[in-house]
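In: Structure of the sequence below:
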Amino acid sequence: MPPNIVSISPNIGAVNKTVTISGSDFGLSISESKVVFSRGVREFIVPDADIISWSNTEIECYTPEIPEIGNWKVTVRVVSNA
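Out: Numbering: from 1, shown residues only. Predicted coordinates:
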């Protein structure tokens, strides 16, 4: 199953703040998926060092240093083993 985000808390914030992503099928470790903030063609992948905790149903991480203010889409992307 692909990762499914149910909620993000808080859903508004600033750079380098803690965010909790809840849902399912994130994978059991950070080696299985990545947290991505995107808008249009711009993408910021949260570095492993900025992941505070990870489980199959909840990820806690710091928001990336995005140089632009505005709405960003948050996804959990499965890492391909190919």
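In: in this protein, what spans have low per-residue confidence?
Out: Along the chain, segments meeting pLDDT under 70 span 81-82.
In: hmm, 50 instead?
Out: Along the chain, segments meeting pLDDT under 50 span 82.
In: ok, which stretches of it are strands?
Out: Applying DSSP state E to the chain gives strands spanning 4-9, 18-24, 33-39, 42-45, 51-54, 58-62, 73-78.
In: Now render those strands as CSV, adding mean neighbour count.
Out: Every residue, glycine included, has its C-beta placed from N, CA and C. Listed next are the strands of the chain as CSV, based on neighbours: other Cβ atoms under 10 Å:
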stretch, mean neighbour count
strand 4-9, 13
strand 18-24, 16
strand 33-39, 18
strand 42-45, 14
strand 51-54, 14
strand 58-62, 19
strand 73-78, 15
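In: quick one: contacts for the residue sitting nearest the centre point of the chain?
Out: Among the residues of the chain, the one closest to the centroid is Val35, at 2.8 Å (Cα atoms, centre = their mean). Contacts here follow Cβ atoms under 8 Å, 6 or more residues apart in numbering; on that basis Val35 touches Ile21, Ile45, Val46, Ile51, Ile59, Cys61, Val74, Thr75, Val76, Arg77.
In: Ile8 is in contact with the first one, correct?
Out: I take that to be Ile21. Yes: the pair Ile21 and Ile8 passes the contact test of Cβ atoms under 8 Å, sitting 5.4 Å apart.
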